[in-house]
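Participant: starting from these lines, generate the structure:
(one chain, ligands or ions: 1)
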Amino acid sequence: MTTGHVLLLGPPGAGKGTQSARVADSFDIVHITTGDALRARKDMETEFGTPREYMETGELVPDPVVNEIVKAAIDAADGFILDGYPRNREQAAYLDEITELDVVISLEVSREELLLRLTGRRICEDCGTNFHVEFTPPETEDTCDDCGGGLVQREDDSKETVEERLNVFEETTRPVIEHYRSHKSFHEIDGERSPAEVFESITTVLESALPGS
Ligand code: AMP
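Facilitator: The predicted structure is shown next:
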């Protein structure tokens, strides 16, 4: 069991979710993902309205709502890999206040590839497994290979909302990567390769950067 504190940065569709889940499993740390946490709380009433109102258009959910979710998750975890947060400078400043990171990894993928990946993505509504209409199609159309559930497109994976999410990333989240570029253990990894190759690169970084792994 390590107590590594890992931050995985990258645009929507870079593979952060897939890679974080594998890292969490392999390094025995907790996967903290604000996207999933917010999807599970979409209709939660807050003083800013519900997360759904922001997520459906690809906008960021207000910082106080997200910060609270992240703080609770970090407080409850020994080691963690954080995915989908921080998404702006204010969230990065908050994160720096509440914890210390051992390693920061940034996955780099071109905008053209992200558009293809996100708009073609389909998710099993029962077990959450990801498919892609072109790159990893299911054996039977619209049906999950693993559990037979129906495949759906995430509401925010429509072309229009994907464009908006990528714009938000470039304008608001790109500066977060610059913020962490001077971290003592910052690593940029080419995310445009197969999931297995990307995972191998991440593993190499973590094996040398995490205490006691
Ligand atoms: P994701 O699954 O990470 O692409 O996140 C889906 C949506 O959840 C985003 O488009 C935002 O609306 C919201 N969201 C996720 N993480 C954050 C965050 N750190 N700050 C604000 N909004 C977030």
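Participant: and whichever residue of the chain sits closest to the ligand, what element?
Facilitator: With CB to the nearest ligand atom as the measure, residue 35 is the residue of the chain nearest to the ligand, at 2.3 Å. Quick note: C-beta positions are derived from backbone N, CA and C, even for glycine. Assigned by DSSP states H and E, residue 35 falls within helix 34-40.
Participant: now do residue 86
Facilitator: Judged by DSSP H and E, residue 86 forms part of no helix or strand.
Participant: contacting residues around the closest residue to it other than its chain neighbours?
Facilitator: Once flanking residues are discounted, residue 86 sits nearest to residue 92: 4.1 Å by CB to CB, 6 or more residues apart in numbering. Contacts here follow CB atoms under 8 Å, 6 or more residues apart in numbering; on that basis residue 92 touches 86, 176, 179, 180.
Participant: confidence score at the residue of the chain most remote from its centre?
Facilitator: Within the chain, the residue lying farthest from the chain centre (CA atoms, centre = their mean) is residue 140, at 27.8 Å. We have a pLDDT of 96 for residue 140.
Participant: now do it against residue 24, distance only.
Facilitator: 30 Å (CB to CB, to the nearest Å).
Participant: check residue 44 too.
Facilitator: 24 Å.
Participant: who's more crowded, these two?
Facilitator: The residue with more neighbours, out of residue 44 and residue 24, is residue 24; 19 against 13, by other CB atoms under 10 Å.
Participant: now that one: how far from residue 17?
Facilitator: Residue 24 sits at a distance of 11 Å from residue 17 (criterion: CB to CB).
Participant: can I get stretch 66-75 in CSV, CA atoms only?
Facilitator: Extracted C-alpha coordinates of stretch 66-75, given in CSV (Å, rounded to 0.1, in the frame of the first residue of the first chain):
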residue,chain,number,x,y,z
VAL,A,66,-16.4,21.0,-6.4
ASN,A,67,-13.9,21.9,-3.7
GLU,A,68,-16.0,20.5,-1.0
ILE,A,69,-16.4,17.2,-2.8
VAL,A,70,-12.6,17.0,-3.4
LYS,A,71,-11.7,17.9,0.2
ALA,A,72,-14.0,15.2,1.6
ALA,A,73,-12.6,12.6,-0.7
ILE,A,74,-8.9,13.5,0.0
ASP,A,75,-9.5,13.6,3.7
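Participant: close to the ligand: what parts of this structure are there?
Facilitator: For the chain, the contact set with the ligand under CB under 6 Å from any ligand atom comprises 12, 34-35, 38, 54-55, 58-61, 66, 84-85, 87, 91, 156, 165.
Participant: what segments of the protein are helices?
Facilitator: Along the chain, counting by DSSP state H, helices occupy 16-27, 34-40, 51-55, 63-76, 89-98, 111-119, 159-168, 174-180, 195-209.
Participant: which ones are touching residue 15?
Facilitator: Taking CB under 8 Å, 6+ apart, we find residue 15 in contact with 107, 109, 191, 195, 198.
Participant: read off the pLDDT value for the first one.
Facilitator: Looking at residue 107, its pLDDT is 98.
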